[in-house]
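In: Below are the sequence and a predicted model for it; my questions follow.
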Amino acid sequence: MATKVTVPAVRARKRSGTPLVMVTAYDAPGAKIANDAGVDIILVGDSVASTVLGYDDTLQLTIDDMAHHVAAVARPRPDPLVVGDMPWMSYHTGVADAVGNAAKLVRAGAAAVKLEGGAKRREVVAAIASAEIPVMGHLGLTPQSVHTMGGYKVQAKNLDGARTLVDDAVALAEAGCFAIVLEGVPDAVARLVTETVEVPTIGIGAGPYCDGQVLVFHDLLGLEDRVVPKFVRRYASLKADATSAVAAWAADVRAGRFPADSESYHLPEEVGRLLLGSTAAGAGA
Ligand code: KIV
């Protein structure tokens, strides 16, 4: 029987030699797939905004939206650690709001929360952690800062940016983060961060020198056909497979091939005879 992955178990994987595996999921079927595939961490990411809810960015998402998806992921009781992403404006308006919103995700079923930003989040991270809610940090290309960054661009490409990123990671680790996502940063910078901090780094578009890797469920499975960034490796083409399957069913319906006799329920013979015999159609038959 598989065992539940805990926050201390994730922390202990630093420099263990076996990279952590994290994947996003947003509902119960996704959680079961991640569980059965044996990943370590399920991130109920605010990427749900674009992958599932049809928004252009993550900024429309509320804490109640996130709690709804965290609850759906947690309901099948998956073994991987469930981390709930704190949406924009759920931790920017003060420490008390941040702790209360983190608690909403824990009550929905998350064992930890994730939030974006570096040294400026020190106080918020420390307050959430001191409320006994483990916090995962997120640095580099932080999608909630899309307007500040001027688009979804690789970060920390110059000396100042790289040094700031390392300082931010140190600040997050000191404030109490148990792991840090590094998104959209050069591999050498991710390596430096990974070697500097004593908590695991989990990379996405950050090269191979992290303590783990994360991908978005829909990207990894090809559940959508948008052009994906170069760091995405597709392991299936589920959008194409699903489209062919629905089209094949539609063709069967239109051609009268669906449902077949074996796919239909039948009355007991005697009931059928009495029923049809008592109707005008039956009497005329
Ligand atoms: O929301 C998300 O899916 C994420 C990952 C890309 C790390 O934050």
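Out: Looks like it arrived, so ask away. Numbers count the residues shown, from 1 in each chain.
In: Where does pLDDT dip in the protein?
Out: Applying pLDDT under 70 to the chain picks out residues 1, 278-285.
In: So which residues on it come close to the ligand?
Out: For the chain, the residues in contact with the ligand (C-beta under 6 Å from any ligand atom) are 24, 43, 45-47, 85, 138, 181, 183, 204, 214, 216. To be clear about C-beta, it is placed using only N, CA and C from the backbone, and glycine gets the same treatment.
In: can I get these in CSV with distance to His69, secondary structure and neighbour count?
Out: Formatted as CSV, those follow (distance: C-beta to C-beta, whole Å; DSSP: H, G, I helix; E, B strand; the rest coil; neighbours: other C-beta atoms under 10 Å):
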residue, distance to His69, secondary structure, neighbour count
Thr24, 10, strand, 26
Leu43, 11, strand, 32
Gly45, 9, coil, 28
Asp46, 9, coil, 31
Ser47, 11, coil, 20
Asp85, 9, strand, 28
His138, 17, strand, 29
Val181, 18, strand, 27
Glu183, 20, strand, 22
Ile204, 19, strand, 26
Val214, 17, strand, 24
Val216, 14, coil, 22
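In: From Ala12, how far off is the residue of the chain at minimum distance from the ligand?
Out: Taking C-beta to the nearest ligand atom, the ligand has its nearest neighbour within the chain at Gly45, 2.4 Å off. Distance of Gly45 to Ala12, computed by C-beta to C-beta, to the nearest Å: 24 Å.
In: Same question for Met136.
Out: Taking C-beta to C-beta, one finds Met136 at 15 Å from Ala12.
In: what's Val271 sitting at in phi/psi?
Out: When quoted as degrees, to the nearest 10, the phi and psi of Val271 stand at phi -60, psi -40.
In: Run through the helices of the chain in chain order.
Out: 7-11, 28-37, 48-51, 63-74, 95-108, 122-130, 146-149, 159-175, 187-196, 217-220, 238-254, 269-277, 280-284 (DSSP state H).
In: any idea of the angle the second one forms with helix 63-74?
Out: With axes from the mean of the first three to the mean of the last three C-alpha atoms, to 10 degrees as the basis, helix 28-37 and helix 63-74 are set at 50 degrees to each other.
In: thought Val216 was touching Gly45?
Out: Yes - under the criterion of C-beta atoms under 8 Å, Val216 makes contact with Gly45 at 6.8 Å.
In: neighbours around the nearest residue to Asp252 once chain neighbours are set aside, how many?
Out: Using C-beta to C-beta, 6 or more residues apart in numbering and skipping residues adjacent in sequence, the residue nearest Asp252 is Phe258, 3.9 Å away. Close neighbours of Phe258, defined as other C-beta atoms under 10 Å, add up to 13.
In: Cheers, nothing more for now.
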